[in-house]
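Engineer: build me a model:
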Amino acid sequence: MKIILMLGLVLFSGMATLLQAHHSFNALFNVSETITVTGEVGLFRFIAPHSYIELIESTDSGEPIIWEVETTTPGMLIRRGVTPETLLAGQAITVTGNPARDGRRLIRLLTIKMPDGRELQIQ
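Structural biologist: Down below sits the predicted model:
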């Protein structure tokens, strides 16, 4: 009986660590800071568990800066008015979100400003 209890505790603690790592936005993103980036959609991956936007920012030097924008689940995006056809390659958008803590060009999406001026609240 002790072995089963010990095994159960080990498995539970391992699963808790995995769940925390996957959903720990505070560890990955600086939620007390927001940044805004304007660019063209390179790719929109409408996938679970989190959809992603590849955003290509133009610079004065002409050298593109690639941002990875992490969104929410496809179901939540649909409830917010975003479908797989909403964001198309080459489309100019502005995103606002929380930057990655480690300096990567990674953003947790909060809002999208569409080319027609509509602003979609995602988080």
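Engineer: contacts only, for the residue positioned nearest the centre of the chain.
Structural biologist: Against the mean C-alpha coordinate of the chain, by CA atoms, centre = their mean, the closest residue is residue 70 at 1.2 Å. Shown in contact with residue 70 (CB atoms under 8 Å, 6 or more residues apart in numbering): 50, 52, 106-109. Quick note: C-beta positions are derived from backbone N, CA and C, even for glycine.
Engineer: equivalent analysis for residue 107, please.
Structural biologist: 29, 35, 37, 67-70, 95, 97-100.
Engineer: try residue 43
Structural biologist: 52-54, 89.
Engineer: can I get the buried part of those residues as one PyMOL selection?
Structural biologist: If you want just the buried ones from the contacts of residue 43 in PyMOL, going by 16 or more other CB atoms under 10 Å, the selection is:
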select buried, resi 52+53+54
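Engineer: output the longest strand anywhere in the chain as PDB - backbone C-alpha positions only.
Structural biologist: Determined from DSSP state E, the single longest strand within the chain is strand 35-45. Backbone C-alpha positions of strand 35-45 (Å, rounded to 0.1, in the frame of the first residue of the first chain) are rendered in PDB as follows:
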ATOM      1  CA  ILE A  35       4.600  46.600 -25.900                       C
ATOM      2  CA  THR A  36       3.100  47.400 -29.300                       C
ATOM      3  CA  VAL A  37       4.500  46.100 -32.600                       C
ATOM      4  CA  THR A  38       3.300  46.900 -36.100                       C
ATOM      5  CA  GLY A  39       4.100  44.600 -39.000                       C
ATOM      6  CA  GLU A  40       2.900  42.200 -41.600                       C
ATOM      7  CA  VAL A  41       1.500  38.800 -40.900                       C
ATOM      8  CA  GLY A  42       4.000  36.200 -42.100                       C
ATOM      9  CA  LEU A  43       2.000  33.200 -40.900                       C
ATOM     10  CA  PHE A  44      -1.000  32.600 -38.700                       C
ATOM     11  CA  ARG A  45      -1.000  29.100 -37.100                       C
END
